[in-house]
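> Predicted coordinates and the sequence they were generated for:
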Amino acid sequence: MGQRESSAPLGLRDVSGGKILYDTGFYIEVLRSKSFAQAFRSRYEADIPITFFSSVVIQELLAGATDRLKQAVVEGLYRPFVRNGRIVTPTHSVWEEAGRLLGIMRGQRKDQIDRLTGSFVNDLLIALSARGVGAKVLTLNSGDFTLIRKYLPFSLEILKA
């Protein structure tokens, strides 16, 4: 089975309310690697009752699905969550907070200004949305989410492939 490690910085409490939200990279790895999918299958199945799906993750997955077959596979991942009302979508206030945090980060991290666009913005939206509904983010992307944690307390678990 895949390994996991907690990445809660000192002084930050776990703000999740028992809900979890997997990041895009997790689903990409599941689709690309049978061994990864098999290693995490029992964990994912156990997590299903408390798992929510981010509309940001849906957008990222569909953007990478370059034909109808791949789109159908992606839709198979998230459609059950749509049917059960378990989609998390960034609200206006989430977008507003993302803008504020990006401005602060760009002011303080001029050496990483190129990094603070595109998929990083999506990761920030995922983190803010998860925090807003009391969910823990589970990800393979330690870089972006660890940086976000320096500016925003939210519940995070870094998974190991």
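On my side now, so go ahead.
> What does the pLDDT read for the residue positioned nearest the centre of the chain?
With distances taken as C-alpha atoms, centre = their mean, the chain has residue 23 as the residue nearest its mean C-alpha position (2.7 Å). We have a pLDDT of 97 for residue 23.
> Next up, the contacts around it.
Going by C-beta atoms under 8 Å, 6 or more residues apart in numbering, residue 23 touches 54, 57, 123, 126, 137, 138, 139, 140, 141, 145. Yep, even glycine has a C-beta here, placed from its N, CA and C like the rest.
> Next up, the contacts around the fifth one.
Spelled out, it's residue 137. Applying C-beta under 8 Å, 6+ apart, the residues near residue 137 are 20, 21, 22, 23, 126, 127, 130, 145, 154, 155, 156, 157.
> so which of the contacts of residue 23 is the most crowded?
residue 126 (30 neighbours; other C-beta atoms under 10 Å).
> what number of residues lie near residue 157?
Residue 157: 18 neighbours (other C-beta under 10 Å).
> mind checking the SS state of the nearest residue to it once chain neighbours are set aside?
Spatial nearest neighbour of residue 157, chain neighbours left out: residue 138 (4.9 Å); criterion: C-beta to C-beta, 6 or more residues apart in numbering. Following DSSP: H, G, I helix; E, B strand; the rest coil, the label given to residue 138 is strand.
> Which strand or helix spans residue 37?
In the assignment (DSSP states H and E), residue 37 maps to helix 34-47.
> Does anything pack onto the helix or strand just after that helix? Which helices or strands?
Reading on from helix 34-47 to the C-terminus, the next helix or strand found by DSSP H and E is strand 51-54. Applying 3 or more C-beta pairs under 8 Å, 6 or more residues apart in numbering; DSSP states H and E, one finds that strand 51-54 contacts strand 19-22, helix 68-83, strand 87-88, helix 119-133.
> Go through these and name the closest to residue 94.
helix 119-133 (4.6 Å; C-beta to C-beta).
> Residues contacting the closest one, please?
Under the contact criterion C-beta under 8 Å, 6+ apart, helix 119-133 has outside partners 15-17, 19, 21, 23-24, 52, 54, 56-57, 59-60, 88-91, 93-95, 97-98, 101-102, 136-137, 141, 144-145, 148, 152-156.
> one more time with 6 Å, if that's ok
Outside of helix 119-133, the residues within contact range by C-beta atoms under 6 Å, 6 or more residues apart in numbering are 21, 54, 56, 60, 88, 90, 94, 97-98, 137, 144, 148, 154.
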